[in-house]
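> pasting the sequence and the predicted coordinates here, then a few questions.
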Amino acid sequence: MSRFKSALLAFAVLAMPAAAQTSPSTVLRVVPQADVAVTDPLFTTAWISTIHGTMVWESLFAWDSKLQPRPQMVREWSTSPDGLVWRFTLRDGLKFHDGSPVTTTDVIASLRRWMTIDAMAKKVGAITTAMTAVDDKTLEWTLSVPVPGLLDTLAAAPSRFAAIMRAQDIPEPGKPATSVIGSGPFRFNTELRVSGVRVVYDRNPDYVPRDEPPDGLAGGRVVKVDRVEFQVQPDQATAVSALQGGEVDLLERPSFDLLPLLRRNGNVKLQVLTELASQAVLRPNSLYPPFNDPRARLALAYIIDQDAQMAGGYGDPAFYQRCNSFFVCGSPNGTEAGAEDFGPDIARAKQLLTEAGYKGEPIRMPATRDISYMGPMAEVAADAMQRAGLNVQLEWSDWATVVSRTSNQESPAAGGWNIYVSGMPGVLAWSPSTNIFAYMPCDRSNLAGWPCDAEVETLRTRYAEAAVPDRSAILTQLQRRLAVVNPYRLLGQATQPIAYRSNVVGVLNSPVIAYWNITKE
């Protein structure tokens, strides 16, 4: 038997124990983009944890397919004429998976934790003067400064979204929540969870959806299957063969080089869930030389050839494009101001590296092949950096190890790192309110790389507090400043489809894949 057939057989056998332990009438079997290593969606920026979070928990508001905020847990709301006092009333029927009702005590505890973690929520937290439970269903929230975009911030699921947890489950600061009891349309099945292999979600029979058509993450979250089962499979060829053979129903992130094969299969459909392209990026460590100097980070803008990067990672030009906007080309915020000349210029890059004081020290670059585009893009980027004189050392491991390692703030010589390839969904990158890679506080509370720039943070705050008509000018200033300090280097952007069997219907266009509304015919 060939190695490929052996791998496919192993994958099919892997799924058997879950099927043997249950007899639900309908199971949607999914190959997720990664394992759910962290079950607390506020404690990580991993996209798979966000997907998991929207299944298990809910938030007061949610984004629809056009990224507009709409009520989810809220029945009605109002704000005072001066914009300083907001009142929210929860809708009927909300209860946690243990049967206890969702109350404003849970909402306040959850929001207060959220305001210590999420980048934009922290800014809201800084001007929050009071949060008061009027009764079990009504919350009054007082601010010292009006925030016209408060509902946008509350609805922004692609960031560390405002998941409402039981008050008793809120952990101490800096710790992840360990309970997976939410109030959402799915219940997390702890008994069938096998780390690195399987994650299972059962339909919540007590869930009361909104009486509205579904639209993105908003509207009625009506679950039409009995179970969603994530079958973790890093090998893309095996996952695609399982989809084609009907062993699984949906593949969240099919490899781009295998898309032509899937297109030819009449039993498989491809669907782009959102037109906002995702960014592929180089994330430098701003704490240590050479990338603690903004001139070294700017050098990356003249080292990287986006065409070469995207061809290496994605292959088919139909799915990718060049872009030097930190807020996604093609989005309402897609300006490239200040970055118009970014592109290959090795002589200029070498000059900037010299000015930054680089003298040939090793550049440690963690890399992975677990996520299809990351391995090839790391190799292309490393080659370009080496041609510019950087002593790059690629260090390969699985994605979970890369994530763990890049949270390490120790020096590269002590086991830390200098730079790595990552990515960010367009629905996260397109707005200053949600773009976590461009978050640049100086207290090391931001993401891996920990870039610091007070001017960027001032502009982000101004953007959050500004009325919508005034935001465009502020955004252009912010883009120009980011093009100077470069918290990360854009490698380009791509539109990623999902793939699923033709008997799967009801997949919604959504900023985050929604597993409600889906049926199997």
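On my side now, so go ahead.
> please tell me how far residue 481 sits from residue 346.
25 Å (C-beta to C-beta, to the nearest Å). Every C-beta, even on glycine, is put in place using the N, C-alpha and C of the backbone.
> of those two, who's got more company?
The neighbour count for residue 481 versus residue 346, taken as other C-beta atoms under 10 Å, is higher for residue 481 (20 against 14).
> show me the contacts for the more buried one.
If a contact means C-beta atoms under 8 Å, 6 or more residues apart in numbering, then residue 481 has 338, 453, 455, 456, 459 as its contacts.
> between those, which is closest to residue 74?
Of all the contacts of residue 481, residue 74 sits closest to residue 459, with 30.1 Å by C-beta to C-beta.
> next, give me the two most distant ones among the contacts of residue 481.
338 and 453 (13.8 Å).
> count residues in the vicinity of residue 85, would you?
That count, for residue 85 with other C-beta under 10 Å as the rule, works out to 16.
> all further residue positions should be reported with the first residue as 5.
Renumbered: residue one is now 5, and that last one reads residue 89.
> check contacts around it.
If you count contacts by C-beta under 8 Å, 6+ apart, then residue 89 has 83, 144, 145, 146, 147 around it.
> show the buried residues in those.
Buried members of the contacts of residue 89, counted by 16 or more other C-beta atoms under 10 Å: 83, 145, 147.
> which of these lies closest to residue 279?
residue 83 (31.3 Å).
> can you pull the contacts of the nearest residue to that closest one once chain neighbours are set aside?
Nearest non-adjacent residue to residue 83, counting by C-beta to C-beta, 6 or more residues apart in numbering: residue 90, 5.0 Å away. By C-beta under 8 Å, 6+ apart, the contact set of residue 90 is 81, 82, 83, 84, 144, 145, 146, 147, 154.
> which ones among those are found in helices?
Residues of the contacts of residue 90 located in helices (DSSP state H): residue 154.
> need the contacts of residue 90 in a markdown table (columns: pLDDT).
Below are the contacts of residue 90 laid out as a markdown table (pLDDT from 0 to 100):
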| residue | pLDDT |
| --- | --- |
| 81 | 98 |
| 82 | 97 |
| 83 | 96 |
| 84 | 97 |
| 144 | 98 |
| 145 | 98 |
| 146 | 98 |
| 147 | 97 |
| 154 | 92 |
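> ok, residue 514 touching residue 280?
No - at 11.4 Å, residue 514 does not count as touching residue 280 under the criterion of C-beta atoms under 8 Å.
> ok so, going back, for the residue nearest to residue 83, list each beta-bridge partner.
residue 83, residue 145 (DSSP bridges).
> ok, residue 425 - contacts?
Residue 425 sits next to 284, 285, 286, 287, 371, 378, 381, 382, 385, 495 when contact means C-beta under 8 Å, 6+ apart.
> could I get the phi/psi values of the last one?
What it means is residue 495. For residue 495, the backbone dihedrals (degrees, to the nearest 10) come out as phi -100, psi -10.
> next: the fourth one.
Main-chain dihedrals, residue 287, degrees, to the nearest 10: phi -110, psi 100.
> now it: how far from residue 494?
From residue 287 to residue 494 the distance is 11 Å (C-beta to C-beta).
> out of the two, which sits in the busier spot?
residue 494 (28 against 22).
> the more buried one contacts residue 313, correct?
No - in this structure, residue 494 is not within contact of residue 313 by C-beta under 8 Å, at 9.3 Å.
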